[in-house]
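Engineer: I would like the atomic coordinates for the input below:
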Amino acid sequence: MVIVVYYEANSDEHKDTLDLLEPLNIEARYPTAKDKLLESLTKERCVTILHKTEVLFTWIKARF
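Structural biologist: As a prediction, the model looks like this:
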C-alpha cells in the first residue's frame, strides 16, 4: 500500500525508476531467466540504475 501511495505521488522520473526496478526484483527472487537478466546488466546500466535508485531513495527518505 505504501508503495502504491508513493507511486501515485511520484514524478514521472520516479515512476520510471520504480518500473525499472520492479522486474529486476522479480527476476532476482524467481530466477527463471537469470542468464538473460545478467546479460542485460552492463556496467553502464548498473551505474544508471544505482544513480536513479539513490535519487528515488533520497526522495522517499525526505518524506519520513
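Engineer: show me the helices in this structure, by range?
Structural biologist: With DSSP state H as the criterion, the chain has helices at 2-9, 12-29, 34-40, 43-62.
Engineer: how about those in a markdown table, adding mean pLDDT and mean neighbour count?
Structural biologist: C-beta: built from backbone N, CA, C; applies to glycine. Converted to a markdown table, these look like this (pLDDT from 0 to 100; neighbours: other Cβ atoms under 10 Å):
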| stretch | mean pLDDT | mean neighbour count |
| --- | --- | --- |
| helix 2-9 | 58 | 10 |
| helix 12-29 | 80 | 13 |
| helix 34-40 | 80 | 11 |
| helix 43-62 | 92 | 12 |
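Engineer: please report how far Pro23 lies from Lys61.
Structural biologist: 24 Å (Cβ to Cβ, to the nearest Å).
Engineer: can you check Asp12 too?
Structural biologist: In terms of Cβ to Cβ, Asp12 sits 20 Å off from Lys61.
Engineer: same check on Ser40?
Structural biologist: From Ser40 to Lys61 the distance is 28 Å (Cβ to Cβ).
Engineer: kindly report the same for Glu54.
Structural biologist: From Glu54 to Lys61 the distance is 10 Å (Cβ to Cβ).
Engineer: do Arg29 as well
Structural biologist: 24 Å.
Engineer: please apply the same query to Thr48.
Structural biologist: 20 Å.
Engineer: likewise Glu13?
Structural biologist: Relative to Lys61, and taking Cβ to Cβ, Glu13 is found at 16 Å.
Engineer: and for Ile49?
Structural biologist: 18 Å.
Engineer: having no further points to raise, I will conclude here.
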